[in-house]
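**Student:** pasted the sequence and its predicted model underneath.
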Amino acid sequence: MPGFFDALSRLDPQPGEVLLEICIGQGLGLEEALRYPIGKVIGVDISQDMVEASRERVAQEIAKGRAEVIQGSVDDLASIASGSVDKVIHMNCCYFWPDMPKALSELRRVLKPGGMMLSAVKFQHLQQKPDDIFLNRNEAQYIEATKTAGFELVKSQPIRLGSGCTGIHGKSGCPVPYGADYTAIFSLKPDLD
């Protein structure tokens, strides 16, 4: 989770914003995002088991209306209104998307004009993994697909984590494994469509 904590802090959630996390797993990222004074966090995962675990983890925030957990696929976010999300984050997720262009188009659709997406990825670690599981393993192709979907200012930045967590956890610290790294790919939805 140190990588997610770092990525979330780089996305810089602001008061009142709506954040969408894709591939939420057991909800640790949702829990971290809710430590920020943002308006609402929406989490989406295709696995019913992960959705149930996440709902349990953030149940109090769901009751307050600050969190929502949805079972669904990134390439069909019909339950999320167009232009309703300020920021999107996903980590180690896009490798599994069977229809990358459709998924990126959906993420762009739900973002407000000027909205930011941060894709936290480790493409360099996937080259020896089975390609029937890890469908998307090429950073250049992902960046090109992001641009083709209509995102602007797509910027890739290698991140090497230090010895402690950043973001909300930065003050209390948390263990960071040696050699922890990821690539942050920032993408912006244009102000005018």
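**Tutor:** Thanks, I have it. Residues are numbered from 1 along each chain as shown.

**Student:** name the helix or strand of the protein that has the lowest mean pLDDT.
**Tutor:** For the chain, counting by mean pLDDT, DSSP states H and E, helix 2-11 ranks last in confidence among helices and strands (a mean of 84).

**Student:** give the next helix or strand downstream of that one.
**Tutor:** strand 18-22 (DSSP states H and E).

**Student:** who touches whichever helix or strand comes after that following strand?
**Tutor:** Under the assignment DSSP H and E, the closest C-terminal helix or strand after strand 18-22 is helix 28-33. The contact list for helix 28-33 (Cβ atoms under 8 Å, 6 or more residues apart in numbering) reads 1, 4-5, 8, 13, 19, 21, 24, 41, 43, 54, 57-58, 67, 69, 89, 91, 167-169. C-beta: built from backbone N, CA, C; applies to glycine.

**Student:** just to revisit the earlier point, run through the neighbouring helices and strands of the least confident helix or strand of the chain.
**Tutor:** Counting contacts by 3 or more Cβ pairs under 8 Å, 6 or more residues apart in numbering; DSSP states H and E, helix 2-11 is packed against helix 28-33, strand 85-91, strand 111-121, strand 152-160, strand 181-188.
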